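**Student:** pasting the structure only:
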Ligand SMILES: [Zn+2]
């Protein structure tokens with residue numbers, strides 16, 4: 001039982017005005033299952049943004065789980081999005097690979113509202129392989145932020161989800177094998193190695209990353225699923241992989257997905273950055289993923305936004321729910337009118353083919369103006385499907 005959740009229960013339970021005919025949970029679940037919804041669901045990834053919205057700074061919440069959870073619930077209570085994203089930063093993902101005394105040099109807070117910066121943990125492929133072979137994540141796990149911050153925060157939000165009778169789902173974010181393999185050494189390096197390093201060696205590294213991630217899924221089955229978690233975002237790496245790399249190295253993510261979808265009923269894939277049509281296509285073949293949070297077209301694709309939205313929607317027809325709009329850049333630097341226009345465009349191009357969720361391709365920048373976040377919510381609410 002947590003005090004912060006109980007305080008919010010006192011303020012919210014039985015006092016919430018309904019939004020539309022469906023609950024937030026029902027709306028998200030229906031879109032994921034490719035069924036009609038009363039309104040287009042809207043669930044922007046607010047993880048960093050909600051901290052500053054709620055009046056906290058990032059350094060302030062870094063070691064304060066209650067304030068982190070408070071920020072997420074406060075933001076939801078005000079804006080009533082169709083899901084609550086738990087707060088996740090890079091330290092939650094990789095701090096258990098780093099000895100305690102070395103952590104300060106790997107994670108840096110630049111300013112009160114800035115992202116947490118980090119430095120890669122391994123420089124060479126041999127170093128990266130050794131991190132896994134020596135199971136450093138086990139050695140340094142206890143006392144690291146996945147255990148001391150991420151997990152208690154997740155449990156508090158799931159407690160809120162259950163006590164509120166599942167009116168709104170919590171989205172738990174989980175890193176995938178490709179995401180870890182890339183993050184530990186830096187994305188560009190890993191992608192270069194797919195060409196320059198011996199295939200067998202790279203596969204060995206990827207297999208080790210997969211092994212650790214499959215073990216992590218056992219943890220999530222025990223601590224997230226058993227506490228009510230149903231909606232899961234798989235943070236994919238591999239966002240710049242070409243068809244050949246996907247064919248050679250995509251197996252690790254596929255094996256991870258196979259296990260994740262057996263544990264959780266509503267799984268979606270997050271692929272941010274510049275996406276290739278081949279990557280979108282691969283995601284329609286990985287059984288069990290219900291939705292894809294995709295981003296912008298790859299540089300070489302000379303497509304307008306409506307063309308890109310429509311081509312993805314056609315690809316996803318009968319298979320996946322499409323999640324996008326506006327871009328994270330527009331959400332931060334555009335006007336509310338531009339945000340509105342792009343959300344409308346996405347809805348109009350997508351709904352003829354499949355279901356849609358308003359959800360920019362990546363997390364909303366901490367500096368994005370409130371009126372832009374409100375504009376995306378209001379536009380979704382206007383649109384009855
Ligand atoms: Zn992203």
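**Tutor:** The structure has been received and is ready for your questions. Just so we're clear, the structure is a prediction, and the values are computed from it rather than from any experiment.
**Student:** count of neighbours near residue 2?
**Tutor:** A total of 16 residues lie near residue 2 under the criterion other CB atoms under 10 Å. From N, CA and C alone the C-beta is placed, and that goes for glycine too.
**Student:** secondary structure element for the spatially closest residue to it that is not a sequence neighbour?
**Tutor:** Once flanking residues are discounted, residue 2 sits nearest to residue 156: 4.9 Å by CB to CB, 6 or more residues apart in numbering. Assigned by DSSP states H and E, residue 156 belongs to helix 151-163.
**Student:** And what about whichever residue of the stretch 1-150 of the chain sits closest to the ion, helix, strand or coil?
**Tutor:** Per CB to the ion, residue 45 is where the stretch 1-150 of the chain lies closest to the ion, at 7.7 Å. State at residue 45, reduced to three classes by DSSP: H, G, I helix; E, B strand; the rest coil: coil.
**Student:** List the buried residues of the helix holding residue 156.
**Tutor:** 151, 153-161, 163 (16 or more other CB atoms under 10 Å).
**Student:** Likewise for stretch 130-146?
**Tutor:** The neighbour-count check on stretch 130-146 (16+ other CB under 10 Å) flags 131-132, 136-137, 140, 144-146 as buried.
**Student:** What's the local residue count around residue 235?
**Tutor:** Residue 235 has 20 neighbours, counted by other CB under 10 Å.
**Student:** cool, and residue 210?
**Tutor:** 24.
**Student:** Over to residue 110?
**Tutor:** Neighbours of residue 110 (other CB under 10 Å): 11.
**Student:** What of residue 60?
**Tutor:** For residue 60, using other CB under 10 Å, the count is 15.
**Student:** wait, what's in contact with the closest residue to it other than its chain neighbours?
**Tutor:** Of all residues not flanking residue 60 in the chain, residue 67 sits nearest, at 6.6 Å (CB to CB, 6+ apart). Applying CB atoms under 8 Å, 6 or more residues apart in numbering to residue 67 gives the contacts 56, 60-61.
**Student:** In helices, which of the residues you listed fall?
**Tutor:** Judged by DSSP state H, the contacts of residue 67 include 60-61 as members of helices.
**Student:** would you turn the contacts of residue 67 into JSON lines with pLDDT?
**Tutor:** As requested, the contacts of residue 67 are exported to JSON lines (pLDDT from 0 to 100):
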{"residue": "56", "pLDDT": "96"}
{"residue": "60", "pLDDT": "93"}
{"residue": "61", "pLDDT": "94"}
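**Student:** model confidence over the helix or strand harbouring residue 68, on average?
**Tutor:** Assigned by DSSP H and E, residue 68 falls within helix 65-79. Mean per-residue pLDDT for helix 65-79: 98.
**Student:** quick revisit: need the max-distance pair from the buried residues of stretch 130-146.
**Tutor:** The span of the buried residues of stretch 130-146, defined through CB to CB, is set by 132 and 145 at 19.2 Å.
**Student:** what about residue 171, is that helix, strand or coil?
**Tutor:** When classified by three-state DSSP, residue 171 comes out as strand.
**Student:** Repeat that for the one 3 residues further on.
**Tutor:** At residue 174, secondary structure determined by three-state DSSP is strand.
**Student:** so where do the helices sit in the stretch 251-385 of the chain?
**Tutor:** For the stretch 251-385 of the chain, the helices defined by DSSP state H, counting those that start in this stretch occupy 251-263, 277-285, 305-316, 328-333, 336-350, 370-382.
**Student:** neighbouring contacts of the last one?
**Tutor:** In this case it means helix 370-382. Helix 370-382 has contacts (CB under 8 Å, 6+ apart) with 19-20, 39-42, 44, 46, 49, 53, 79-81, 325-326, 330-332, 334-337, 339-340, 343-344, 347, 358, 360, 364.
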